[in-house]
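> Dropping a prediction and its sequence here:
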Amino acid sequence: MTGSTRDHWQGVYEQKADTSVSWYEATPLLSLSLIEATAIAPPARIIDIGGGASRLVDHLVARGFGVSVLDLSGAALGLARTRLGARASGVTWIEADVRHFAASTPFDLWHDRAALHFLTAREDQQAYVAALGHGLRRSGIAIIGTFAPDGPEKCSGLPVQRHDAESLALLLGKDFRLVSTTRHNHLTPGGGTQKFQFSTFQRVPA
Ligand SMILES: C[S@@+](CC[C@H](N)C(=O)[O-])C[C@H]1O[C@@H](n2cnc3c(N)ncnc32)[C@H](O)[C@@H]1O
């Protein structure tokens, strides 16, 4: 996965309305409730991995969190920045591939809705876990949403690796303790239903 993947995502966000893509949600209710269920409170620092043009950043900024949004697609980040207007300057926008992301300061909470599942090769998944290990402080929280084992096999025309809490726990390793997991039916703008799982992990103290 290299330039062509970035081109794919750039093309998606340049050619389609962000409200018409299958993963669009007007309000990221589940993500917000899972974040609220943790002990991480404003002004803690949250990073949204593969955040795209998601509205999550709007809500987190309004709550007083320090927010960073990382995405492969500058076009996606541009859509979110434009939407936020003056509030965009308070957000750190990171155009990068998560597999090569080395945070300078670890975050309190790592959120990922539908980015990890595009990493289907073992070495890419391991690179993601290395970025997570670098980017999340000890005792910090990781909330990871992916297609569930009975969810779609593809998203945006790309193959995905579906997960449940057990496969994620195996991937993340002993440094992460499963806190909770939930299944979720996402209703797409086209009227379909996609089966997701969202799992919350806590990084163990040193
Ligand atoms: C299905 S979309 C989900 C977007 C957003 N999380 C949401 O819930 O609306 C997947 C996003 O992951 C991004 N992405 C895919 N692979 C990535 C990678 N290796 N590094 C960073 N972002 C990536 C894409 O550009 C896209 O914005």
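Great, that's in hand.
> What's the separation between S4 and S20?
Using CB to CB, to the nearest Å, S4 is found at 23 Å from S20. C-beta coordinates here come from the backbone N, C-alpha and C atoms, glycine included.
> So between these two, which is more surrounded?
More neighbours surround S20 than the other of S4 and S20, with 10 against 7 (other CB atoms under 10 Å).
> With adjacent residues omitted, what lies nearest to the more buried one?
P189 (5.4 Å; CB to CB, 6 or more residues apart in numbering).
> And F176, by the same measure?
F201 (4.2 Å).
> gap between that neighbour and T19?
F201 sits 31 Å away from T19, going by CB to CB.
> Give me the more crowded residue out of the two.
Comparing F201 with T19 by other CB under 10 Å, the one with more neighbours is F201, at 24 against 10.
> Show me which residues of this structure sit near the ligand.
Residues of the chain lying close to the ligand (CB under 6 Å from any ligand atom) are 9, 23, 50-52, 54, 70-73, 76, 97-99, 113-115, 118, 155.
> Among those, name the ones in strands.
Among these, the ones falling in strands (DSSP state E) are L70, D71, R113, C155.
> tell me the centre residue of this structure?
The centroid of the chain falls nearest to D112 when counting by CA atoms, centre = their mean (1.9 Å).
> pLDDT of stretch 35-45, averaged?
Taken as a whole, stretch 35-45 has a mean pLDDT of 98.
> Direction included, what does whichever strand or helix holds F196 pair against?
According to DSSP states H and E, F196 maps onto strand 193-203. In the sheet, strand 193-203 lines up against strand 136-147 (antiparallel), strand 176-187 (antiparallel) (DSSP bridges).
> Single out the most deeply packed of those strands.
strand 136-147 (a mean of 22; mean count of other CB atoms under 10 Å).
> about what we covered before: kindly state the pLDDT recorded for the residue nearest to F176?
For F201, the pLDDT comes out at 98.
> bridging residues for it?
A142, L178.
> For the ligand, see how far away it is.
With distances taken as CB to the nearest ligand atom, to the nearest Å, F201 is found 17 Å from the ligand.
> Verify the stated contact: that residue with V179.
Yes - the pair F201 / V179 is scored as a contact, 6.2 Å apart, by CB atoms under 8 Å.
> what sits in contact with each of those two?
Listed as contacting both F201 and V179 by CB atoms under 8 Å, 6 or more residues apart in numbering are I141.
> In three-state terms, label D58 for me.
Secondary structure, DSSP: H, G, I helix; E, B strand; the rest coil: D58 is helix.
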